[in-house]
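# Task: produce atomic coordinates for the following.
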Amino acid sequence: MHASRITAPKGWELVRYEGGFSSSTPDEDDLTALAEAVREAGRGEGATVDRITPPISTPTRTGRRGHLRVLPDPGN
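Residues are numbered from 1 along each chain as shown. Got it, this is the predicted structure:
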């Protein structure tokens with residue numbers, strides 16, 4: 001079984017789901033409804049911007065590396 005043994009980070013709580021997962025795929029009506037919703041949102045009714053917005057700046061890198069590390073298994 002995948003992930004039969006796992007340790008949670010400090011302060012986290014694990015919840016194990018013992019039930020089964022359905023492999024059902026969305027039917028044609030669901031996909032059509034989703035496509036229509038995307039089209040509606042893309043039409044942009046009432047979503048026009050009357051002012052010029054400045055370009056979004058990207059954050060600068062500090063050179064600091066990530067704080068996550070791989071630790072050896074304490075049982076070994």
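
# low-confidence ranges in the chain?
1-3, 23-24, 26, 45-51, 59-64 (pLDDT under 70).

# hmm, try it at 50
For the chain, no stretch has pLDDT under 50.

# what ranges do the helices span in it?
28-43 (DSSP state H).

# so what's residue 8 up against?
residue 14 (C-beta atoms under 8 Å, 6 or more residues apart in numbering). Just so you know, the C-beta spots here come from the backbone N, C-alpha and C atoms, and that holds for glycine as well.

# Please repeat the previous calculation with a cut-off of 10 Å.
Residues counted as contacts of residue 8 (C-beta atoms under 10 Å, 6 or more residues apart in numbering) are 14-15.

# likewise residue 12?
Residue 12 makes no contacts at all, as judged by C-beta under 10 Å, 6+ apart.

# How much space separates it from residue 66?
Separation of residue 12 from residue 66 (C-beta to C-beta, to the nearest Å): 18 Å.

# And for residue 74?
Distance of residue 74 to residue 66, computed by C-beta to C-beta: 22 Å.

# try residue 44
For residue 44 relative to residue 66 (C-beta to C-beta), the value is 38 Å.

# Neighbour count: these two, which is higher?
residue 44 (9 against 5; other C-beta atoms under 10 Å).

# and residue 25, how far is that from residue 71?
The separation that residue 25 has from residue 71, given C-beta to C-beta, amounts to 40 Å.

# oh sorry, the question was meant for residue 58
With distances taken as C-beta to C-beta, residue 58 is found 32 Å from residue 71.

# do the same with residue 33
Residue 33 is 47 Å from residue 71, by C-beta to C-beta.

# what does residue 12 give?
16 Å.

# residues touching residue 31, list them.
Taking C-beta under 10 Å, 6+ apart, we find residue 31 in contact with residue 25.

# one more time with 6 Å
By C-beta atoms under 6 Å, 6 or more residues apart in numbering, residue 31 lies in contact with nothing.
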